[in-house]
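K.L.:
sequence and predicted structure below; questions after.
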Amino acid sequence: MADVVLKNVTKVYEGGTVAVRNADIEVKDKEFLVLVGPSGCGKSTTLRMIAGLEEITEGELYIDNEFVNNVSPKNRNIAMVFQNYALYPHMTVAENMGFGLKLRKYKKAQIKERVNEAAEILGITDLLDRKPKALSGGQRQRVAVGRAIVRHPKVFLFDEPLSNLDAKLRVQMRTEISKLHQKLEATMIYVTHDQTEAMTMGDRIVIMKDGDIHQIDTPLHLYNHPANKFVAGFIGSPAMNFIDGKIIREDGLYFLDEANTVRIKVFNQHEDALAKYIDKEITAGIRPESIHHPSTAKAESMDEIEVTLDVIEPMGNEIFIYFAITGSNCIARIAAIEEPEMGQKMQLYVDAAKMHYFDKETEEAILK
Ligand code: ADP
């Protein structure tokens, strides 16, 4: 297996669209790296450049320490699994899986051995004689993965492989691909627009937007220390709440929203970083789980706010409540202790220790 390194890689399509700008990515050997971001951010283009299906406009690409910008896709020793599976309908599962090897002039016995081995790993041995039309979506997906496995590639590339599956199967296949990664100890690069998929599968995640990389980090570090407002809003569901306001100094530092309805004491350890923002406009970020019902507001760092409930969504074990602060729609997920009603006023507690702050102009995180 191998590492993959992109150095300052840019892709400009004919017509001038800059799909990827100055991408620096180091995928480590045996790592599961996820490229995630909204549609059109350049993740497929990045993957396709690694595969050799798109030319690199500028920059360098190394696979296993070899400079491969000009190496043809078939000589890069990588295998790609696509969203639409791309199975040949007239071939059996075994033939589909072995086809790439046949093209590469492998011997029949060797193809059989590799196909059987891959089928075993994927639990599809009993499907080997079927045609694709006699398979479910999940089974087809496994065959598509099997076709990659038989190649024993240096690197596996996945382009939104689960997006044609229904929600339940997607969750199941997610775990299967993670297990497969462990079993094969392979380098895998996986593209998705789904932040949950990225968070649950990735050793590390690359977050892209409009061709730029915004952050590369582990799932937990991205969640707790987003580098900017875009990452903060993209990772996590329901998404982080953003409230515009300013930092003021009284007997300490406070965050005050624009409508002067919310006043939250800045957490001690955040004071130094925020001192230079006193009286300046700023955006605060609060995750929905950092706003508490009084009964669970135990930490000392919690400050009270009063809100009027717009919408209530009981989830069973917890309740999602929606309210507005300074014109921003906010959401909190609180313990299902009481049954709140729409229009009701409610005291809630914000955990100031869990607040994020962003520069209003650059949108960069102020706390590091
Ligand atoms: P993603 O996979 O994140 O949805 P893509 O990498 O497919 O994004 O596309 C990135 C940008 O490049 C988009 O603006 C898209 O319209 C553009 N693009 C993709 N493929 C081509 C192409 N073959 N020719 C011109 N522009 C393209």
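P.N.:
That came in fine, so what should we check first?
K.L.:
for Gln269, which non-adjacent residue is closest in space?
P.N.:
Nearest residue to Gln269 in three dimensions, chain neighbours excluded: Ala353, at 7.6 Å (Cβ to Cβ, 6 or more residues apart in numbering). Where C-beta positions appear, they are placed from N, C-alpha and C, glycine not excepted.
K.L.:
pretty sure that neighbour belongs to a strand, no?
P.N.:
No. Using DSSP: H, G, I helix; E, B strand; the rest coil, the assignment for Ala353 is helix, not a strand.
K.L.:
hang on, isn't it packed against Phe267?
P.N.:
Yes. Ala353 lies in contact with Phe267 (Cβ atoms under 8 Å); the separation is 4.6 Å.
K.L.:
circling back: what's the burial count for the residue nearest to Gln269?
P.N.:
For Ala353, the tally of surrounding residues (other Cβ atoms under 10 Å) stands at 14.
K.L.:
got the phi/psi numbers for the residue of the stretch 251-368 of the chain found nearest the ligand?
P.N.:
Residue nearest to the ligand within the stretch 251-368 of the chain: Glu363 (20.3 Å; Cβ to the nearest ligand atom). The phi and psi values for Glu363, taken as degrees, to the nearest 10, are phi 60, psi 10.
K.L.:
got a list of what it touches?
P.N.:
If you count contacts by Cβ atoms under 8 Å, 6 or more residues apart in numbering, Glu363 has them with 228-230, 283.
K.L.:
apply 7 Å and report the result again.
P.N.:
Residues near Glu363 by Cβ atoms under 7 Å, 6 or more residues apart in numbering: 228-230.
K.L.:
how much space between it and Val4?
P.N.:
From Glu363 across to Val4, the span is 30 Å (Cβ to Cβ, to the nearest Å).
K.L.:
same thing with Val93?
P.N.:
Remark: distance between Val93 and Val4 (Cβ to Cβ) = 29 Å.
K.L.:
which one of these two is surrounded by more residues?
P.N.:
Legend: neighbour count by other Cβ under 10 Å for Val93 and Val4, higher for Val93 (27 against 24).
K.L.:
local confidence estimate at that one?
P.N.:
Val93 carries a pLDDT score of 97 in this model.
K.L.:
in stretch 106-121, which residues are buried?
P.N.:
Applying a neighbour-count criterion of 16 or more other Cβ atoms under 10 Å, one finds 106, 111, 114-116, 118-119, 121 buried in stretch 106-121.
K.L.:
the spatially most central residue of the chain sits in which helix or strand?
P.N.:
With distances taken as Cα atoms, centre = their mean, the residue of the chain nearest its centroid is Ala198 (3.1 Å). Using DSSP states H and E, Ala198 falls within helix 195-201.
K.L.:
and that helix with the ligand, contact?
P.N.:
No. Shown here: helix 195-201 not in contact with the ligand (Cβ under 6 Å from any ligand atom), separated by at least 12.6 Å.
K.L.:
next secondary structure after that helix?
P.N.:
Following helix 195-201 in sequence order, the next helix or strand is strand 204-209 (DSSP H and E).
K.L.:
who does the next helix-or-strand element following that next one pair up with?
P.N.:
Towards the C-terminus, the helix or strand next in line after strand 204-209, according to DSSP H and E, is strand 212-217. Within its sheet, strand 212-217 is paired with strand 204-209 (antiparallel), according to DSSP bridges.
K.L.:
how far out from the middle of the chain is the partner strand?
P.N.:
Centre-to-centre, strand 204-209 and its host chain are 7 Å apart (Cα atoms, centre = their mean, to the nearest Å).
K.L.:
now render the buried residues of stretch 106-121 as a markdown table, adding secondary structure, distance to Pro38 and pLDDT.
P.N.:
As requested, the buried residues of stretch 106-121 are exported to a markdown table (DSSP: H, G, I helix; E, B strand; the rest coil; distance: Cβ to Cβ, whole Å; pLDDT from 0 to 100):
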| residue | secondary structure | distance to Pro38 | pLDDT |
| --- | --- | --- | --- |
| Tyr106 | coil | 41 | 95 |
| Ile111 | helix | 41 | 96 |
| Arg114 | helix | 38 | 95 |
| Val115 | helix | 38 | 96 |
| Asn116 | helix | 41 | 96 |
| Ala118 | helix | 34 | 93 |
| Ala119 | helix | 36 | 94 |
| Ile121 | helix | 33 | 90 |
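K.L.:
okay, and the residue lying closest to Glu289 once chain neighbours are set aside sits in which element?
P.N.:
Leaving out its chain neighbours, the residue that sits closest to Glu289 by Cβ to Cβ, 6+ apart is Arg333, at 5.4 Å. Using DSSP H and E, Arg333 falls within strand 328-335.
K.L.:
got it, and Arg147?
P.N.:
Counting by DSSP H and E, the element that carries Arg147 is helix 137-149.
K.L.:
list the neighbouring strands of the helix or strand following that helix plus their orientation.
P.N.:
Once helix 137-149 ends, the next helix or strand along the chain (criterion: DSSP H and E) is strand 155-159. Counting by DSSP bridges, the strands paired with strand 155-159 are strand 78-81 (parallel), strand 187-192 (parallel).
K.L.:
send me strand 155-159 as PDB with only the CA atoms.
P.N.:
This file holds the C-alpha atoms of strand 155-159, laid out as PDB (Å, rounded to 0.1, in the frame of the first residue of the first chain):
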ATOM      1  CA  VAL A 155      -4.800   2.900  -3.400                       C
ATOM      2  CA  PHE A 156      -8.600   2.700  -3.400                       C
ATOM      3  CA  LEU A 157     -10.600   5.600  -4.600                       C
ATOM      4  CA  PHE A 158     -14.400   5.900  -3.900                       C
ATOM      5  CA  ASP A 159     -16.600   8.500  -5.600                       C
END
